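K.L.:
give me a model of this one.
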Amino acid sequence: MKALKIFALLVLISTIANAQSSAENVKPVLPDTFQNVLDLARMTFVMPKDAISIPVTKNRQMHYEYAITFQNQPFEVRYSVAPMGYSTAEAYTGAKGITPHIESKLNDEFGAKILSTTVALNVAGGTETQGMGSNPLPPEAVKKEFGADWGSTTVIPIGNNSFGTEYKFCVMVTLFKKDVAHAYVMYLSDTKENLMKLMGELIAKTGAFYALKFK
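P.N.:
Below is the predicted model of the structure:
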């Protein structure tokens, strides 16, 4: 009888563990606009551990399709994906029956840099802000870790605009793949100190830095 009780307890523990594991592996239901641009851009998105999906903030500076935060932290991550050859409206609806028209001048590393700078200026509020700066990601690393042809990180102090709202500082990661897409991941916080601290703590712990990548 004692052995039977022990066996039943082990079965119960195993069932609970499997249920928890299954719950952790459930993929979030993404908004159609985000899923459509991911499909067109041949990208994957993995929800970071402990992240919470939050509504997109309408703004005049920079469109984005998805955003996450972490409980009780002044920290947000916004994802903007632009498949090559489609307008934003076309991409949002899945671009069914539409033949993409790729602009050759934007389809190389130089074009990616120009677009990245333009996006950074928009996020900042329309003009270059003091302290703004950009650095390319190592070519081999960006290829291996993100499946991209080129990438960069840009530090952006945010002016008083509808994109930043309560956030005043941004680190933007740009990812570009020739003939496929430009993508931007924007990490936001209320101060530079908080952003650096929370990026160090949350990104390392949750794997958020690699949530978005090319297939």
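
K.L.:
what residue ranges in this protein are flagged as low confidence?
P.N.:
1-27, 160 (pLDDT under 70).

K.L.:
isn't residue 98 right up against residue 90?
P.N.:
Yes: using Cβ atoms under 8 Å as the test, residue 98 is close enough to residue 90 to be in contact (5.3 Å). Using the backbone N, CA and C atoms, a C-beta is placed for each residue, glycine as well.

K.L.:
give the contact list for residue 108.
P.N.:
residue 178 (Cβ atoms under 8 Å, 6 or more residues apart in numbering).

K.L.:
what's the answer for the one 5 residues further on, then?
P.N.:
Applying Cβ under 8 Å, 6+ apart to residue 113 gives the contacts 150, 152.

K.L.:
about what we covered before: neighbour count for residue 98 and residue 90, which is higher?
P.N.:
residue 90 (17 against 14; other Cβ atoms under 10 Å).

K.L.:
check which helix or strand that one maps to.
P.N.:
Here residue 90 is covered by helix 88-92, with elements defined by DSSP states H and E.

K.L.:
now swap in residue 170 and tell me
P.N.:
Here residue 170 sits within strand 169-177, counting by DSSP H and E.

K.L.:
next one: residue 117
P.N.:
Per DSSP H and E: residue 117 is located in helix 109-124.

K.L.:
contacts for the helix or strand just after that helix?
P.N.:
Following the chain from helix 109-124 toward its C-terminal end, the next helix or strand by DSSP H and E is strand 133-136. The list of residues contacting strand 133-136 from outside it, by Cβ under 8 Å, 6+ apart, reads 116, 117, 120, 150, 151, 152, 153, 154, 155.

K.L.:
from residue 148, how far off is the nearest residue to the first one once chain neighbours are set aside?
P.N.:
Take residue 116 and drop its neighbours on the chain: the residue closest to it by Cβ to Cβ, 6 or more residues apart in numbering is residue 174, 4.2 Å away. Distance from residue 174 to residue 148, counting by Cβ to Cβ, to the nearest Å: 9 Å.

K.L.:
right, I'll call it a day here.
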